[in-house]
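Q: Mind looking at a prediction? Sequence and model below.
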Amino acid sequence: MGKRSMSTLKLLIVDDSGVTRRRIARLALSKPKQRFEIVGEAGDGETALALARELCPDLVTMDLTMPVLDGVGCTRELCVALPNVRVLVISALAARGMALKALAAGAHGFLYKPFTDAQFAQWMDEVVTP
Amino acid sequence: MKLQTKDVEVLTNAVAQFFNTLPRAIRGRSSRDGSARQITPSVRSSHLAEYTRDLPRADYCGVVTLSGEYEGWVAFAAPRALLERVLIDLEDPDHTEAGKLDLVGEIANQMIGPAQRHFGDGLAISVPKTGIGNASRMLVEAKARGGSASPLLLPIRWEGHEAGLLVSIQRPEGGRSL
């Protein structure tokens, strides 16, 4: 059986913190098991929606607490506009209700901040692997 | 009603969790010869911050406003050197003023966010506001509201740098401090 070819996934990173966006980008690009192309970054939900419509990402990492349009609202609109997109929430908000709201809005997974590099890598393997 | 022991424990753990997930802390723990010291923060005994002189020397401050079933704020105050160190640990290239302000706000968010699991869905957390010298201003404003509003200070020492987490949480109905 031959090796499965590694496709490149288009990733949009949404977080109001630049330092967190850059960390997610660095960790995603360093993953050996999956190739990512960072197609864009956004610091609020409204900008994320506009970028997603233009760039059609395969994956979106989504913060929840953001200005203009928060992560739950953005996820809801994103999943309607782009039904095939996978939204992965990365947030510090740890109440169970927040995770449930995000999942109800269409998110595919949830990673709590703060996270280690290893936790991010393992989580991405779990949520990205078909 | 003051913050309960469990509340303080949750906040203390949230502070430790942030620093313990930094790559440098992880590398320290995984050293082969076992001689590497653990790079963990020390969160010393919390106490009410009555005066601005009680605050750690801080160049930067990130403030998260609390709402929903609670009202109040949480502020993380840190010196420039601590933030520079965290940026190095995160391999982040942006060491500008804007980069450090962004980081101090994100740390405040990441310290109160995990505590939401303890306080519940009724604790709503704002986007952080950041600035220089905000911790002193927040303390002065809290004092102006009355003695019961004195925030709790969790003094933090990490890698030789002093910082602090200031916490002021009240339930709006009855105005009781937790």
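A: Structure's in. What do you need?
Q: for stretch A:118-130, the distance to its chain's centre please.
A: Relative to the centre of its chain, stretch A:118-130 is centred 12 Å away, using Cα atoms, centre = their mean, to the nearest Å.
Q: Low-confidence stretches in the chain?
A: Looking at chain A here, since you left the chain open. For chain A, the stretches flagged by pLDDT under 70 are A:1-6, A:130.
Q: hm, I was asking about chain B
A: The low-confidence ranges in chain B, as defined by pLDDT under 70, are B:1-2, B:25-41, B:44-46, B:49-54, B:134, B:138-139, B:142-149, B:172-178.
Q: Just the helices from chain A, written as ranges.
A: A:18-29, A:45-55, A:71-81, A:96-105, A:117-128 (DSSP state H).
Q: Tell me the residues of chain B that contact chain A?
A: Contact residues, chain B versus chain A (Cβ under 8 Å from any Cβ of the partner chain): B:17-18, B:21, B:23, B:26, B:87, B:90-94, B:99, B:102-103, B:105-106, B:109-110, B:112-117, B:119-121, B:123, B:125-127. No exception for glycine: its C-beta is placed from N, CA and C like everyone else's.
Q: if you set the cut-off to 6 Å instead, what comes out?
A: By Cβ under 6 Å from any Cβ of the partner chain, the part of chain B that sits against chain A consists of B:18, B:21, B:23, B:26, B:90, B:92, B:102-103, B:106, B:109-110, B:113-114, B:116-117, B:121, B:125, B:127.
Q: OK, now which residue of chain B is nearest to chain A?
A: Using Cβ to the nearest Cβ, the single residue of chain B nearest to chain A is residue B:113, 2.5 Å away.
Q: in the host helix or strand of residue B:170, what counts as buried?
A: Assessed by DSSP states H and E, residue B:170 sits inside strand B:161-171. Neighbour-count burial for strand B:161-171, counted by 16 or more other Cβ atoms under 10 Å in any protein chain shown, picks out B:161-170.
Q: would TSV of these with distance to residue A:23 be doable?
A: What follows is the buried residues of strand B:161-171, written out as TSV (distance: Cβ to Cβ, whole Å):
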residue	distance to residue A:23
B:161	21
B:162	25
B:163	20
B:164	24
B:165	21
B:166	26
B:167	26
B:168	29
B:169	29
B:170	34
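Q: Residue A:75: which of those is nearest?
A: Distance to residue A:75, by Cβ to Cβ, is smallest for residue B:169 among these, at 28.3 Å.
Q: what about the closest residue in space to residue B:151 that isn't next to it in sequence, distance to residue A:77?
A: Nearest residue to residue B:151, sequence neighbours excluded (Cβ to Cβ, 6 or more residues apart in numbering or on different chains): residue B:168, at 3.9 Å. From residue B:168 across to residue A:77, the span is 35 Å (Cβ to Cβ, to the nearest Å).
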